[in-house]
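[1] generate a structure from the sequence data that follows.
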Amino acid sequence: MIRIGLTGSIGMGKSAVSAMFRQMGVPVFDADAEVHRLQGPGGALVSKIEAHFPGTTGPKGVDRQKLGAAVLGKPDALRALEHIIHPAVYHARQRFLLRHRARPLVVLDIPLLFEKGGAKQVDVTVVVSAHSFLQRRRVMRRPGMTATKLRHIRRLQVPDHVKRQKADYVIETGSAKIETHAAVRRLITCLRAQKRR
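    Sure thing, here's the model as predicted:
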């Protein structure tokens, strides 16, 4: 099995590229989606998060706005939250890999692949990238997003130009979707050919 580590800064189009891999028959483990599940109604982490960050959960699970406010600009609080979330996501990822062990390729969609050392756990790294003006335009359309929040998020992420240098492959999302789709298909073909060698 070739484990593809897929990453990209906020607003770069990683979710769209992840969906393309799925459409082309490559299983995808989405770390963000797993976090949403763990923090959603009845999620395994809701009570632990409430214990550490009182008032950040409710009947619908974790209130992401309240939790975000509780950790924004507070490194110790963010580390405490990561100590709750990361082990649970790791175990879910291991179960995913076990379930798909017979597949030639799998994608591990990990937002902070380079930031948190996840690149060591994959065979190939793929960065999804676009021009910074496009990134900003996409992100600022999100509900509740502000220029201050975006600046803070960017500070926590390895800059796009550094990610591009570190990556084995870069998929551009700044042009027509059909071109991005073709780039994903070429990459799958290339990696499957490597696997057969």
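[2] CA atoms for contacts and neighbours, from now on please.
    Noted.
[3] buried residues in stretch 34-44, which are they?
    By neighbour count on 16 or more other CA atoms under 10 Å, the buried set for stretch 34-44 is 34-35, 38-41.
[4] strands of this structure, residue ranges please.
    For the chain, the strands defined by DSSP state E occupy 2-7, 28-30, 57-58, 61-62, 105-109, 124-129, 169-172.
[5] mind giving me the packing neighbours of the fourth one?
    Think strand 61-62. Contacting strand 61-62 under the criterion 3 or more CA pairs under 8 Å, 6 or more residues apart in numbering; DSSP states H and E are the following elements: helix 46-52.
[6] what's in contact with the helix it packs on?
    38-40, 56-57, 61-62, 81, 84 (CA atoms under 8 Å, 6 or more residues apart in numbering).
[7] now, which of those residues sits nearest M1?
    Distance to M1, by CA to CA, is smallest for L38 among the contacts of helix 46-52, at 26.8 Å.
[8] identify the residues contacting that closest one.
    Shown in contact with L38 (CA under 8 Å, 6+ apart): 44-46.
[9] and the gap between it and M145?
    23 Å (CA to CA, to the nearest Å).
[10] same question, V107
    Using CA to CA, V107 is found at 28 Å from M145.
[11] more neighbours: which of these two?
    V107 (23 against 11; other CA atoms under 10 Å).
[12] isn't the more buried one up against V28?
    Yes. At 4.6 Å, V107 and V28 qualify as touching, with contact defined as CA atoms under 8 Å.
[13] tally of neighbours for G174?
    The number of residues packed near G174 is 18, by other CA under 10 Å.
[14] gap between the nearest residue to it once chain neighbours are set aside and R138?
    Counting by CA to CA, 6 or more residues apart in numbering, G174 lies nearest to A130, which is 4.9 Å off, once chain neighbours are set aside. A130 sits at a distance of 11 Å from R138 (criterion: CA to CA).
[15] out of these two, name the residue with the larger neighbour count.
    A count of neighbours by other CA under 10 Å puts A130 above the other of A130 and R138, at 19 against 14.
[16] surely that one and M12 touch.
    Yes. Shown here, A130 and M12 form a contact pair, counting by CA under 8 Å, at 5.6 Å.
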